[in-house]
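Novice: give me a model of this one.
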Amino acid sequence: MLTELVIASHNQGKIAEFKNMLSPLGVTVYSAAELNLPDVEETGTTFAENAQIKAETLSSLTQKPCLADDSGLCVHTLNNAPGVYSARYAPNRNFDLAMTKLIDELKSSGSSDWSAHFSCVLALKIPHQPTRFYEGRVDGNITPNRRGNNGFGYDPIFIPQGFNKTFAEMEAKEKADISHRGRAVKLFLNKEFNV
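Specialist: Model (predicted):
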């Protein structure tokens with residue numbers, strides 16, 4: 001069983017989510033920043049490829065089990081953009097600019113279909129074992145008005161199906177129960193920890 005895990009991310013919001021989910025299981029979680037590990041360039045064309053590149057690179061550097069994820073927002077009318085480029089959609093990863101750009105593109109598309117989904121693929125690399133993958137998805141819609149102060153990234157403009165509030169209006173536990181990352185983590189926990 002895993003007792004320690006490197007999370008291949010420098011995103012503090014993401015690290016906090018993983019620590020909340022894994023610390024009750026007795027897993028010591030390290031962020032890439034805590035171990036002074038570099039950002040790994042995401043050169044893949046899919047979420048799975050990017051997650052695999054990060055997990056395998058940092059596991060090799062640390063000789064520890066490493067969990068990486070790649071996730072993004074896929075807006076159906078925009079041919080699933082920003083997709084794998086979600087974090088790089090605006091200069092300097094400024095999500096305020098990214099949300100403005102996305103809403104402007106949707107408005108100028110003339111489409112009334114503002115449906116979207118978040119996808120997340122986790123890649124777990126344990127030294128001397130094949131990389132394992134866990135995928136989660138949540139469908140919903142984009143709202144033109146930002147709402148809420150919780151979460152990060154595109155959370156203020158994404159309303160998951162079956163809800164009337166954005167991810168940014170939800171408490172962390174409520175979001176984790178239904179989010180793409182939460183669903184991928186549940187699969188991971190079920191397989192790796194029988195939870």
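Novice: quick check, central residue of the protein?
Specialist: Among the residues of the chain, Ser71 comes closest to the average C-alpha position under C-alpha atoms, centre = their mean, at 3.9 Å.
Novice: who is Phe118 paired with across the strands?
Specialist: Residues in a beta bridge with Phe118, per DSSP bridges, are Leu73, Val138.
Novice: contacting residues around it?
Specialist: Ser71, Gly72, Leu73, Cys74, Arg137, Val138, Gly140, Tyr154, Phe158, Ser179, His180 (C-beta atoms under 8 Å, 6 or more residues apart in numbering). All C-beta atoms are positioned from the backbone trio N, CA, C, and that covers glycine.
Novice: go again with 6 Å.
Specialist: Leu73, Val138, His180 (C-beta atoms under 6 Å, 6 or more residues apart in numbering).
Novice: the helix-or-strand element of the chain with minimal mean pLDDT packs against which elements?
Specialist: None of the helices or strands of the chain scores lower by mean pLDDT, DSSP states H and E than helix 12-22, at a mean of 82. In terms of contacts (3 or more C-beta pairs under 6 Å, 6 or more residues apart in numbering; DSSP states H and E), helix 12-22 is packed against strand 28-31.
Novice: can you pull the poorly scored residue ranges out of this protein?
Specialist: Along the chain, no part satisfies pLDDT under 70.
Novice: ranges for the helices of it?
Specialist: Applying DSSP state H to the chain gives helices spanning 12-22, 47-62, 95-109, 172-178, 180-193.
Novice: what number of residues lie near the residue lying closest to Gly140 once chain neighbours are set aside?
Specialist: Of all residues not flanking Gly140 in the chain, Pro160 sits nearest, at 4.1 Å (C-beta to C-beta, 6 or more residues apart in numbering). For Pro160, the count of nearby residues is 21 (other C-beta atoms under 10 Å).
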